[in-house]
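K.L.:
Build me a model:
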Amino acid sequence: MGEILKAYFVPHPPIIIPDIGKGEESAVSSTIDAYHEVAKQVKDLSPDVIILTTPHGPAYSDYIHISPGPALKGSFKNFGASKIKFDFKTEAGLIENIIEAAHAYGIEAGGEGSAGDALDHGALVPLYFISQYYTDFTLIRISIAGLPLEQLYAFGYCIQKAVLTYGKKIVLIGSGDLSHKLTSDGPYGFAPEGPVFDKYLVETIKSADFKKLISIDSQLSYKAGECGLRSFAIIAGALNGYCIKSNVLSYEGPFGVGYMVAELAPGNQDLSRDLFSFIETMHKSDIEVIRKAEDPYVALARKSLEYYIKRGKILDVPDYLPAEMTNQSKGVFVTIKKHGRLRGCIGTISPVTNNIAEEIIQNAISSGTRDPRFNPVKEFELKDLVYSVDVLEKPEPITSIDELDVLRYGVIVSSGYKRGLLLPNLESVETPAQQVEIALSKAGITKGEKFTMERFEVIRHR
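P.N.:
Predicted coordinates for the structure are as follows:
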């Protein structure tokens, strides 16, 4: 049976390496001392595998990248220290187990996309210190993704499940700096949210309050300019359900960037700390409520994509639908979301099929499998998807932006063969000017080009 021995949160400023800092590293002596303490502890623990999360590897919005291949290499040549280089073997079996566990939960993870084996500085800095004391380990590098913190925590729990069935000893490293906006003379300037964020996070880690960690206000973390939160959320999830003895070894921010070194030691299992089960139960309950509230339009969109993904065939129009869906032809947009985030949206301005039902079937499939912004939906994701259907009324020409209302009207912009559409009442679209700007961008209409506008209303089903 595998075991997670310990976890660490560490920063990654290359300046703390003497060959790079060239004396400036003396300003962060507390961080360096704490790093050596971590490295000595890792030596004493003697893990078989180190799993390291970093915000500077290949990162995607909704896909967690786990570096593939038999080896991972890297050097500090980009920081003027090319002689400091590393080469680690990976742990292919455990990587596959993690991917399998993630898919079972509906999270996309794997080695697709960037296939490079070059280690980023978010990985190299902690490995520099650890390798001075201990090198007898294989390495798994995991990059962050733009998923909600709850989902990154859930992915961390998938790591735990994979580790426990793998039969090797593991140490977890969460690499990440805190706020980059602590002082006005720092490289990123000052934001009042910077010190607030750092105080919040340090206190949260001291108390090992993972619910507080993943519930942090997104605007606070964004304005603070942090880079470690998502990395830490994954590692916290890997410790889900255990009593945690936490110790912040150091915190300082002499260059306007917050550096925290912390150790987290798992103890006995504690059901009161099983945050994953709480998240999963709440999510399943929310989905159940949504499914029960589906009207025929939304239910048809969902069943169409599920049928196509599972059987590879297009669903025939059911014979139980309301007459309005089979007797009328209109343009339809199908929008798909996953955990509150867009997963696909494709539609037709004017009808291209015989009726609304066929339009929904075709556009649901396209939204889930042909939206160029996303990978095609996989079967393991279907249980988490939420659908809405917009039936478009006939567009009417307008001559002024003043004739728009973002809550009531969608907009269509046209210039020659280029055409772009934006639906009404969308999150984060607050003004007609913003609405038109987004539609122009979607159409590929550049600034200065002449264009015409149309507005339309929709009947939204969700």
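K.L.:
separation between the residue nearest to residue 214 when sequence neighbours are not counted and residue 281?
P.N.:
Among residues not flanking residue 214 along the chain, residue 149 sits closest, at 4.0 Å (C-beta to C-beta, 6 or more residues apart in numbering). Where C-beta positions appear, they are placed from N, C-alpha and C, glycine not excepted. The gap separating residue 149 from residue 281 is 17 Å, by C-beta to C-beta, to the nearest Å.
K.L.:
out of these two, which sits in the busier spot?
P.N.:
residue 149 (20 against 10; other C-beta atoms under 10 Å).
K.L.:
doesn't residue 374 fall inside a strand?
P.N.:
No - looking at residue 374 with DSSP: H, G, I helix; E, B strand; the rest coil, it is coil, so not inside a strand.
K.L.:
what's near enough to touch it?
P.N.:
Residues near residue 374 by C-beta atoms under 8 Å, 6 or more residues apart in numbering: 62, 343, 344.
K.L.:
let's see 6 Å
P.N.:
residue 344 (C-beta atoms under 6 Å, 6 or more residues apart in numbering).
K.L.:
Can you tell me the closest non-neighbouring residue to residue 459?
P.N.:
Closest residue in space to residue 459, ignoring its immediate chain neighbours: residue 391 at 4.6 Å, by C-beta to C-beta, 6+ apart.
K.L.:
Could you check the pLDDT of that neighbour?
P.N.:
What the model reports as pLDDT for residue 391 is 97.
K.L.:
what about it, how many neighbours?
P.N.:
Neighbours of residue 391 (other C-beta under 10 Å): 21.
K.L.:
Report the secondary structure element holding it.
P.N.:
Using DSSP states H and E, the element containing residue 391 is strand 385-392.
K.L.:
go on, residue 267?
P.N.:
Counting by DSSP H and E, the element that carries residue 267 is strand 259-269.
K.L.:
buried residues in that strand?
P.N.:
Under the neighbour-count criterion of 16 or more other C-beta atoms under 10 Å, strand 259-269 has 259, 260, 261, 262, 263, 264, 265, 266 buried.
K.L.:
Helix or strand next in line after that strand, which one?
P.N.:
According to DSSP H and E, the helix or strand after strand 259-269 is helix 275-292.
K.L.:
And the helices in the chain, which stretches?
P.N.:
18-21, 29-45, 92-105, 121-131, 149-164, 193-206, 210-214, 218-224, 229-238, 275-292, 296-311, 323-327, 356-369, 432-443 (DSSP state H).
K.L.:
thinking the residue nearest to residue 459 is in contact with residue 331, fair?
P.N.:
No - using C-beta atoms under 6 Å, residue 391 makes no contact with residue 331, being 7.6 Å away.
K.L.:
how long is stretch 180-195 from one end to the other?
P.N.:
End-to-end span of stretch 180-195 (C-alpha to C-alpha, to the nearest Å): 10 Å.
K.L.:
start the count at 53, not 1, going forward
P.N.:
From this message on, residue numbering opens at 53, which makes the last subject stretch 232-247.
K.L.:
Quick check on the closest residue to residue 177 other than its chain neighbours: phi, psi?
P.N.:
What sits nearest to residue 177 in space, not counting adjacent residues and going by C-beta to C-beta, 6+ apart, is residue 64, at 4.0 Å. Torsion angles at residue 64 (phi, psi; degrees, to the nearest 10) stand at phi -140, psi 50.
K.L.:
Show the contacting residues for residue 64.
P.N.:
173, 174, 177, 227.
K.L.:
could you measure it against residue 475, distance?
P.N.:
For residue 64, the distance to residue 475 - C-beta to C-beta - is 41 Å.
K.L.:
Also residue 122?
P.N.:
Applying C-beta to C-beta to residue 122 and residue 475 gives a distance of 47 Å.
K.L.:
So which of the two has more stuff around it?
P.N.:
Between residue 122 and residue 475, counting by other C-beta under 10 Å, residue 475 is the more crowded of the two (22 against 9).
K.L.:
and this structure, what are its domains?
P.N.:
As given by automatic domain parsing, the domain ranges for the chain are 55-330, 346-425, 445-514.
K.L.:
Using JSON lines, lay out the ones you listed together with distance to residue 435.
P.N.:
Shown next, in JSON lines, are those (distance: least, C-beta to C-beta, whole Å):
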{"stretch": "domain 55-330", "distance to residue 435": "6"}
{"stretch": "domain 346-425", "distance to residue 435": "10"}
{"stretch": "domain 445-514", "distance to residue 435": "18"}
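K.L.:
To residue 337, which of these lies closest?
P.N.:
domain 55-330 (10.8 Å; C-beta to C-beta).
K.L.:
Could you tell me the end-to-end distance of the closest one?
P.N.:
Terminal residues of domain 55-330 lie 23 Å apart, using C-alpha to C-alpha.
K.L.:
so how far is it from its chain's centroid?
P.N.:
Mean C-alpha position of domain 55-330 versus that of the full chain (C-alpha atoms, centre = their mean, to the nearest Å) differs by 15 Å.
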